[in-house]
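# Need coordinates for the following:
(chains A and B)
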Amino acid sequence: MSFVIKVGMASCGLAAGAMDVYLAIKQHIQSSDLPVILKKTACIGMCFEEPIVEFWGLEQGRIALGKVDPQTIGSLMDDYLAGKQVQGNVILAEKQEGVHNELFGEQVRIVLRNCGVIDPESLADYEAAGGYQALAKALKMDRKKIIEEVKDSGLRGRGGAGFSTGMKWSFCHAAKGDKKYVVCNADEGDPGAFMDRSVLEGDPHSIIEGMIIGAYAMGAGEGYIYCRAEYPLAIKHLKDAIEAATARGYLGKKILGTSFDFELHIKEGAGAFVCGEETALMASIEGKRGMPTIRPPFPAESGLWGKPTNINNVETWANISWIISNGAAAYRKYGTEKSPGTKVFALAGKIANSGLIEVPMGISIRDVIYKVGGGMKTESPFKAVQLGGPSGGCIPASLLDTTVDYDSITKTGAIMGSGGMVVMDENTCMVDVARFFLNFTQNESCGKCTFCRIGTRRMLEILTAITEGKGSLEDIEKLEALAVNIIKGSLCGLGQTAPNPVLTTLRYFKNEYLAHITEKRCPAGVCTALLKYEIIPDKCIGCTACARKCPVNCIAGSVKQVHVIDQGRCIKCGACYSTCKFNAIKKG
Amino acid sequence: MQTAFSKLDAVIAKYHGRKGALIPLMQEVQELEGFLSQATMRYLSEQMQIPAAEIYGVATFYSMFRLKPKGRHTIRMCKGTACHVSGANGISMALREALNLGEGEETTADNNFTLMEVACLGCCSLAPVIMIDERTFGKLTPEKIPAILEKFAFVQEEK
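Numbering: from 1, shown residues only, chains lettered A, B, ... in the order given. The predicted structure follows:
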C-alpha cells in the first residue's frame, strides 16, 4: 500500500481555504520527493472542520484531520509516513482516538456513499467503487421489472413532496409518445440547503447513472440536468462527468453494446426559485419565463415540448443505482414502513457541527440535532428547528421527538422538504424568521396567481409592521385569513406552502407575536425597532469603555460615574453591549 | 454599429436553430458585455426572430440578468436562512456603509463594486458569507468588512 492523501475540495472546503492546503501538500511532496499520491475529493460532510485532509494507506489506517493549517500539514505528513501516531486535530480515525468518531455512528450513507471518498472528477474512481455496475445490470433487466423494483423500494421523491418515485416512473412509462424526456431537478433554491450541491460536486456520476437507468426503464432518449448557476463547481463536475461517461460508452449511442441510446444535457438556471417547481422548470428549459402551468396534464403525459417527461430531484436519482444493485428489500431495511431509506440533511444555523449528514428515516429530530449534529453551538438553548425552507416550518423544542418521516413531519405543520435543517436558539426571533421567509417568497413569486403575488406582499407588510412595533391584535387574524386564501388560491407549491413559516410560528410561538404587539418588545432582541440598550446604574463602574466604543457617541458620562445612553441617538448596533465587561448593559 | 455586434454574431450563430436556446444565449451574451442593453436585446430579437418583448420578459424574470452595467467587482451577499440567523443583516449594513450605497443602490460611484443580494451561496456552515467575484469570505463580522474590501480596491489602484 502507498500513502494516499485526500483533500476535501468542494465549495465549502475551498471557501475555508482548502486550495492553500492542497498547494502546501503538493509543495511538500515535491520538495521532499515523498512517495505520496495526492488526490482531490469533495465533501465528507463535516463542514465545521474544513479544510479537511485525509491520510490513508499506511499501518496507522485512515485518519482525517480538521481545520488544517497549510503551515503545519507538512510535518504531520512526515509523522504519518514515519509510522508515528499523528497528533494535531484528528477528527476521524480508524485506529486511534478521533474527536468525532462517534458522530458517524448514527449515519447510514447511501446517497453520500462516495461523497468525500472518491475523486469526483475521476470516472475510474467511481467505477472502482462499483459505479455503473447497476446500469449494466439494469440493461439486462426487463423495463417493467426495473420500475417494479423502484416501486417496491418505497423510494419517495426527495425534493420534498414525497410522491412515490416508482409510481411516477410507471406513469411516464405508460404514456404514449415517440419521444420522452427525463429531467434532474438540481435547482436547489431553498436558502439554507446545500445537500444537492454536495452530491453534484462530490459524486456526479451517481446522478448520471440513476438517470440513464430511469431513461432506459421509461423509454426516454434524452435528458436534462437543470442546475442552478450559483453552483459553478457542480456544473463543472457534471460537464466533465458527462463527457467521461460518453467517452466510455455509458452515454450516447448503443449504450454498453445494447440498442439503447441516451443523450444528456445540462441547463443552467438563471436565478428563479419558482423554477424548482416542475412545470416552471420545464418552461425554463424551453427558454421561457419560468411560470408554472395547471396540472393536469401532468408532465408524465405532456411535459417538455409537449412530450412525456419524468422529473426527479438530485437525491432521488442518486438513490437509484444503489437500489438496483442491492435490491428493494435491502433498501427497506432502513427507514420506516411508509418512508423507507435514508434522508440527507444540511445542518446549519446555531448547531455545533454544521454540515452534511445522511440518516435513516425514522430517527428522531432530537437525535439528529444532539447525536449527529453535536448539539447547540453556544450556551444559548435550543428554540426551534426550521425544516423545508420557505415552504416549511419551525418545529419547537416540545416536538423534538418527532420522527423524521414524511407523514410525522407534515403533522407538525412543517414539511420534510429537500433537507435543509436550520437550528435556532434563544437569540432568534421567530417573528423575524417568519418575516424573512415571507420576504423571500414574496420576492420569488412569479406573479401568475393573484393570491400568491399580492397576498404574500400583504402578509409581509403585516409582519414588518409587527417587527417594528406597529402591529395590532387583529393582524394575527388577518395573517391567518390570508394564509388560508393563499394556500387555496395558488396554482403551484410556492404559493401553496408560502404561508407555512407564518402558520407554524403562530402555532408554536404565538407569545412572541403577542410580545411584539402588546408589549412592543422583541424577546430575542433581534428586531432593532423594538430594541433598547440601557445601562444598569448599580453595575456600571464608569470605566468609559462603552462610551469610547460607541460609533455615534451617544453614551454620556465621565470616569467613575454612571453612564447614560441617549436613546434618541442610539443606532442599536450593540457595540456597547459586547464591550461591557461588567454586564452593566441591558438589552431588551 | 455592425462591428460592435460582431462578437455577438458569433454567439448567436452558435445557438441558432437550437431548441430552448434563448436563456443560455442570453447568459453568454451577458457574459460578453456584463449586462443586457436595450440595443443588444433588440439586435438579438432581430437575429433570432424572437419578439423583443419575449426577450425582455425573460431578462426581467430571472434575477441573473442585468439591465444595467456592473462594477469591476461583484459582491454577492448571502441572504440565506443560516446567514440570516447568524447576523447577515449586520454584514449588509456594514457593506452598504463602507461602499457608501443607499437603499436600493447597487453599484458604487467609482464603478468598482456592485453589491447583489443572493438567496443562498450554499456555504451555510461558514455563515454569514459573502462572495467577491470568485472568492468566498465566511464567518464574517461587520468589523471585518473594510479590510476585505480594501483588498479589492488596491488591485484597482495598481492598474
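# Wait, a helix at B:I75?
No: with DSSP: H, G, I helix; E, B strand; the rest coil as the criterion, B:I75 is strand rather than part of a helix.
# Run a quick neighbour tally on it.
Other residues near B:I75 number 24, with proximity taken as other CB atoms under 10 Å in any protein chain shown. From N, CA and C alone the C-beta is placed, and that goes for glycine too.
# Any stretches of chain B with poor pLDDT?
Applying pLDDT under 70 to chain B flags residues B:1-4, B:154-159.
# domain ranges for the chain?
Assuming you mean chain A. Using automatic domain parsing, the domain ranges for chain A come out as A:3-99, A:123-328, A:342-425, A:430-518, A:532-587.
# hm, I was asking about chain B
As recorded under automatic domain parsing, the domains making up chain B are B:3-61, B:73-158.
# highest average neighbour count across these?
domain B:73-158 (a mean of 19; mean count of other CB atoms under 10 Å in any protein chain shown).
# Up against chain A, what does chain B have?
B:19-24, B:26-27, B:54, B:57-58, B:61-65, B:79-86, B:118-127, B:129, B:134, B:136-138 (CB under 8 Å from any CB of the partner chain).
# can you put the domains of chain A in TSV and add mean neighbour count?
Below are these laid out as TSV (neighbours: other CB atoms under 10 Å in any protein chain shown):
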stretch	mean neighbour count
domain A:3-99	19
domain A:123-328	21
domain A:342-425	22
domain A:430-518	20
domain A:532-587	15
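# In a markdown table, list those along with distance to chain B and mean pLDDT.
Formatted as a markdown table, those follow (distance: least, CB to the nearest CB, whole Å; pLDDT from 0 to 100):
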| stretch | distance to chain B | mean pLDDT |
| --- | --- | --- |
| domain A:3-99 | 3 | 91 |
| domain A:123-328 | 3 | 96 |
| domain A:342-425 | 4 | 95 |
| domain A:430-518 | 5 | 96 |
| domain A:532-587 | 8 | 88 |
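# closest to B:M41 out of the ones you listed?
domain A:123-328 (14.5 Å; CB to CB).
# Quick check: end-to-end length of that closest one?
26 Å (CA to CA, to the nearest Å).
# Off-centre distance for that domain?
19 Å (CA atoms, centre = their mean, to the nearest Å).
# Next: stretch B:54-64.
14 Å.
# which residues of chain B fall in strands?
Secondary structure of chain B (DSSP state E): strands at B:73-78, B:113-118, B:130-132, B:135-137.
# center of chain B, which residue is that?
B:T74 (6.0 Å; CA atoms, centre = their mean).
# which residues touch that residue?
Going by CB atoms under 8 Å, 6 or more residues apart in numbering or on different chains, B:T74 touches B:113-114, B:116, B:132-133.
# which one among the residues you listed gets closest to A:T403?
B:M116 (39.9 Å).
# who's the closest one bridged to?
B:R76 (DSSP bridges).
# Make sure it is actually in contact with B:L101.
No: applying CB atoms under 8 Å, one finds B:M116 not in contact with B:L101, separated by 11.4 Å.
# Columns distance to A:Y334 on top of the domains of chain B, output as a markdown table?
Listed next are the domains of chain B as a markdown table, based on distance: least, CB to CB, whole Å:
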| stretch | distance to A:Y334 |
| --- | --- |
| domain B:3-61 | 38 |
| domain B:73-158 | 26 |
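# Which of these sits closest to A:T412?
When these are compared by CB to CB, domain B:73-158 sits nearest A:T412, at 17.7 Å.
# In TSV, list the strands of chain B along with distance to A:I565.
Compiled in TSV, the strands of chain B are given as follows (distance: least, CB to CB, whole Å):
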stretch	distance to A:I565
strand B:73-78	30
strand B:113-118	31
strand B:130-132	31
strand B:135-137	32
